[in-house]
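[1] here is a sequence with its predicted model. Questions after.
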Amino acid sequence: MQSKNKTVVRSMDILNLFLTHSKLSFNEMVLFSGIPKTSVYRMVISLEEMGFLDKDKDGKYSLGLLFLQFGHLVAERLDIRQIALPIMQKLHHEVGEAVNLIVQDGKEAIYIEKLDTKQPVRLYTAIGRRSPLYAGACSRVILAFLPHDEREQYLEQIELKPIASGTITDKERLRLLLEETQRSGYTVSHSELENYSSAIAAPIFNYNGQVIAGISIAGLDVNYQQEALPQLVEKVKHAAFEISQNFGYIQN
C-alpha cells in the first residue's frame with residue numbers, strides 16, 4: 001500500500017465519484033471526496049487537460065470521451081463478452097427482460113455486458129457496476145460455484161450488509177441457498193439489489209469446470225412469480241450452458 005503514489009490514488013478517488021454520479025460540480029467533488037479544495041483543483045485541471053474529465057457550459061464535470069475509448073477497448077478484448085453476446089441477444093429476444101453478464105473481481109462481481117429490458121423500469125444493473133458476491137442472483141450464482149475453501153473464506157470475512165429490502169443478511173440462510181443453487185444449477189433473487197425487481201441466474205463454466213461468469217435475466221418482480229419461473233429458469237440455464245460449451249465445458 002505504501003508504494004502507491006498519493007496523487008494517483010487521490011485522482012482515482014475523484015474519478016470513482018463518477019461511478020455513481022453522471023455529473024458533478026467542483027464543490028461537489030470536494031464535498032464527496034473529502035480531499036482539500038486546493039488538491040482537488042489541481043487534480044481536476046490535470047484530469048481535464050488529459051481528457052479524463054469534460055466540463056460543460058454550466059461548469060459541471062463528467063467523464064471524458066477518453067474513457068469511452070478505453071471502455072470499448074477493454075470490452076472488445078474480453079473474450080467471454082464476445083462469445084456470450086449472441087447467446088444473450090437470443091435470450092433477450094425470447095424473454096424480453098434485461099440480460100446481464102457478470103464476472104468476479106475479487107470480493108465483488110462486475111457487470112461486463114447487459115441488454116436492457118423492454119419495459120420502462122429502473123434496474124440496479126449497468127455495465128461497469130459492481131455488486132457484492134452475496135447479493136443478487138447473478139453475483140450469488142458465481143459465489144455458489146467457487147471452490148469450497150474460497151467460498152467459506154469469503155463467507156467468514158464478509159459482512160452481509162442490506163442493500164434493498166430482500167438482501168440476505170443471515171449467513172446460515174445464505175449458506176443453505178448456496179447449497180441449493182449447487183444442486184439446482186440456478187438461483188433466483190427478489191429485491192436484493194433493487195426493490196420490486198427480481199432476477200434468475202445460472203453459472204458459466206470453462207473447460208475445467210471452473211465458474212468464470214454468471215448470466216441472468218432481470219426485471220419487475222411481478223414477472224417472476226412462481227408460475228412463471230420454470231420456463232424462465234430453463235431458458236437461462238440453457239443460455240449459460242451454450243456459453244459454457246464455447247469454453248470447452250462438458251457436462252458430466
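    All right, it came through fine. Numbering: from 1, shown residues only.
[2] so the chain: which segments form each domain?
    Using automatic domain parsing, the domains assigned to the chain come out as 6-70, 78-246.
[3] adding mean neighbour count and mean pLDDT, write those out as JSON lines.
    Just so you know, the C-beta spots here come from the backbone N, C-alpha and C atoms, and that holds for glycine as well. As requested, those are arranged in JSON lines below (neighbours: other C-beta atoms under 10 Å; pLDDT from 0 to 100):
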{"stretch": "domain 6-70", "mean neighbour count": "14", "mean pLDDT": "91"}
{"stretch": "domain 78-246", "mean neighbour count": "18", "mean pLDDT": "92"}
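[4] who touches the nearest residue to residue 170 once chain neighbours are set aside in this structure?
    Take residue 170 and drop its neighbours on the chain: the residue closest to it by C-beta to C-beta, 6 or more residues apart in numbering is residue 160, 7.3 Å away. With contacts taken as C-beta atoms under 8 Å, 6 or more residues apart in numbering, residue 160 has the following neighbours: 134, 167, 168, 169, 170, 171, 174.
[5] now those residues in a markdown table, with distance to residue 68 and secondary structure?
    Formatted as a markdown table, these follow (distance: C-beta to C-beta, whole Å; DSSP: H, G, I helix; E, B strand; the rest coil):
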| residue | distance to residue 68 | secondary structure |
| --- | --- | --- |
| 134 | 32 | coil |
| 167 | 32 | coil |
| 168 | 36 | coil |
| 169 | 37 | coil |
| 170 | 41 | coil |
| 171 | 40 | helix |
| 174 | 37 | helix |
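[6] could those go into CSV alongside distance to residue 15?
    Written out in CSV, the entries for those read as follows (distance: C-beta to C-beta, whole Å):
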residue, distance to residue 15
134, 27
167, 28
168, 31
169, 31
170, 36
171, 34
174, 33
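[7] all good on my end, thank you.
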